[in-house]
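Engineer: Give me coordinates for this.
(one chain, ligands or ions: 1)
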Amino acid sequence: MPVRPYSGSLYPSPILEVPNMNPTVSILAVSLALGLLAGAAEAAGPPSATAQLVNGTGAAIGSVVLTEGTGGVLIEVEATGLTPGWHGVHLHEMGVCAADGFKSAGAHMGHHEGVGHGLLNPNGPEAGDLPNLYSADGSAHVQLFSDKVTLDPAKAGLGRLLIKDGSLIIHTARDDQSTQPIGGAGARVACGVLKVN
Ligand SMILES: [Cu+2]
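Structural biologist: Have a look, this model is predicted:
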């Protein structure tokens with residue numbers, strides 16, 4: 001049977017032409033389709049999440065980008081309007097940043113798994129614990145990293161909590177990374193609801 005010249009557009013997929021093709025052409029069509037799918041997956045990049053940071057009055061003061069890496073999640077924070085000095089930063093379990101001092105954001109991610117708070121705690125850390133950030137002049141530009149969380153369902157478990165929603169909170173003071181329940185980090189001064197892409 002002669003091969004019909006392919007006259008359709010590339011979209012929709014050439015798979016639609018398969019019933020009229022000989023086996024060799026079918027294989028080529030499927031290979032092409034798989035190639036397109038692989039290309040699309042590559043272009044999509046690693047799993048990620050974003051958040052807009054707001055202060056206690058709801059004003060926008062920055063942004064957060066989470067990007068899945070090989071062994072953890074890179075967390076990039078841009079913020080303004082902070083008091084100069086150290087600030088505790090945590091991932092909290094609820095994706096709600098309400099005008100209640102951000103209590104609506106709930107506890108740290110992983111708090112209910114019975115481990116202690118703090119990166120220096122022998123019984124910790126909780127999955128939402130992160131290093132502090134420092135602001136010299138009220139602004140902050142920092143990259144943090146956590147191997148206790150993931151945005152990839154295939155990597156969840158085995159010590160990595162899957163982030164499906166939640167928030168990132170900046171506290172008014174430094175987290176000492178060992179005392180309970182939040183390392184003395186004090187009030188919640190900024191909050192961003194995580195939107196997982
Ligand atoms: Cu916190």
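Engineer: ranges for the strands of the chain?
Structural biologist: Ranges of strands in the chain, per DSSP state E, are 48-55, 60-68, 73-79, 85-87, 89-92, 133-135, 140-146, 149-150, 161-162, 167-171, 188-193, 195-196.
Engineer: quick one: which of those strands is nearest the ion?
Structural biologist: strand 89-92 (3.3 Å; Cβ to the ion). All C-beta atoms are positioned from the backbone trio N, CA, C, and that covers glycine.
Engineer: Check whether that closest one comes near the ion.
Structural biologist: Yes. Residues of strand 89-92 contacting the ion under Cβ under 5 Å from the ion: residue 90.
Engineer: do the same with stretch 125-132
Structural biologist: No. Between stretch 125-132 and the ion, judged by Cβ under 5 Å from the ion, nothing touches; the nearest distance is 7.2 Å.
Engineer: Let's have the strands of the chain in a markdown table, adding mean pLDDT and mean neighbour count.
Structural biologist: Output for those, formatted as a markdown table (pLDDT from 0 to 100; neighbours: other Cβ atoms under 10 Å):
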| stretch | mean pLDDT | mean neighbour count |
| --- | --- | --- |
| strand 48-55 | 98 | 19 |
| strand 60-68 | 98 | 19 |
| strand 73-79 | 98 | 20 |
| strand 85-87 | 98 | 19 |
| strand 89-92 | 98 | 27 |
| strand 133-135 | 98 | 18 |
| strand 140-146 | 98 | 17 |
| strand 149-150 | 98 | 24 |
| strand 161-162 | 97 | 18 |
| strand 167-171 | 98 | 26 |
| strand 188-193 | 98 | 25 |
| strand 195-196 | 98 | 14 |
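Engineer: Name all residues that make contact with the closest residue to residue 96 other than its chain neighbours.
Structural biologist: Spatial nearest neighbour of residue 96, chain neighbours left out: residue 104 (4.0 Å); criterion: Cβ to Cβ, 6 or more residues apart in numbering. When contacts are counted by Cβ atoms under 8 Å, 6 or more residues apart in numbering, residue 104 touches 94, 96, 97, 98.
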